[in-house]
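Q: could you look at this predicted model? Sequence included:
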Amino acid sequence: MKLKYEDAAPTALIGASNHFEVAIATATMLFGLSSGATLATVVGVLIEVPLMLWLVAICKRTKHWFN
C-alpha cells in the first residue's frame, strides 16, 4: 500500500486491538459481572496485552520494509 512506517505501524496496532474496552462494558451491562461472557471478554484483554507487545516487536523488526 506504500504507507510510511509511521502510518502503517500504529494503524496495524489499532486495528488489532479495536474496541476491547467497549466489549467489556457491553458484556458487563448485558450479562452481569458473574457471567461467562463477561469473563471471556476480560480474559480476552489479558491475552491482548502480550499479543500487542509481540506486534510492537514485529513492527520494529520490519521497519526496513517501509520507505
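A: Yep, that arrived. Numbering: from 1, shown residues only.

Q: any idea how far the residue nearest the centre of the chain is from K2?
A: Against the mean C-alpha coordinate of the chain, by Cα atoms, centre = their mean, the closest residue is S17 at 1.8 Å. With distances taken as Cβ to Cβ, to the nearest Å, S17 is found 24 Å from K2. To be clear about C-beta, it is placed using only N, CA and C from the backbone, and glycine gets the same treatment.

Q: for the top helix by length along the chain, name the packing helices and strands.
A: Criterion DSSP state H: the longest helix present in the chain is helix 36-61. Judged by 3 or more Cβ pairs under 8 Å, 6 or more residues apart in numbering; DSSP states H and E, the packing partners of helix 36-61 are helix 5-16, helix 20-31.

Q: quick check: which of those is nearest to V42?
A: Shortest distance between V42 and those, using Cβ to Cβ, is found for helix 20-31: 6.3 Å.

Q: returning to that earlier point: any buried residues in the longest helix of the chain, and which?
A: For helix 36-61, the neighbour count (16 or more other Cβ atoms under 10 Å) marks T38, T41, L55, C59 as buried.

Q: can you put those residues in JSON lines and add distance to F31 and pLDDT?
A: Formatted as JSON lines, the buried residues of helix 36-61 follow (distance: Cβ to Cβ, whole Å; pLDDT from 0 to 100):
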{"residue": "T38", "distance to F31": "6", "pLDDT": "84"}
{"residue": "T41", "distance to F31": "10", "pLDDT": "79"}
{"residue": "L55", "distance to F31": "29", "pLDDT": "85"}
{"residue": "C59", "distance to F31": "35", "pLDDT": "86"}
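
Q: Throw the residues you listed into CSV and include distance to L13, thanks.
A: CSV is the format used below for the buried residues of helix 36-61 (distance: Cβ to Cβ, whole Å):
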residue, distance to L13
T38, 25
T41, 20
L55, 6
C59, 7
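
Q: show me which of the residues you listed is closest to T11.
A: With Cβ to Cβ as the yardstick, the closest approach to T11 among the buried residues of helix 36-61 comes from C59, at 10.3 Å.
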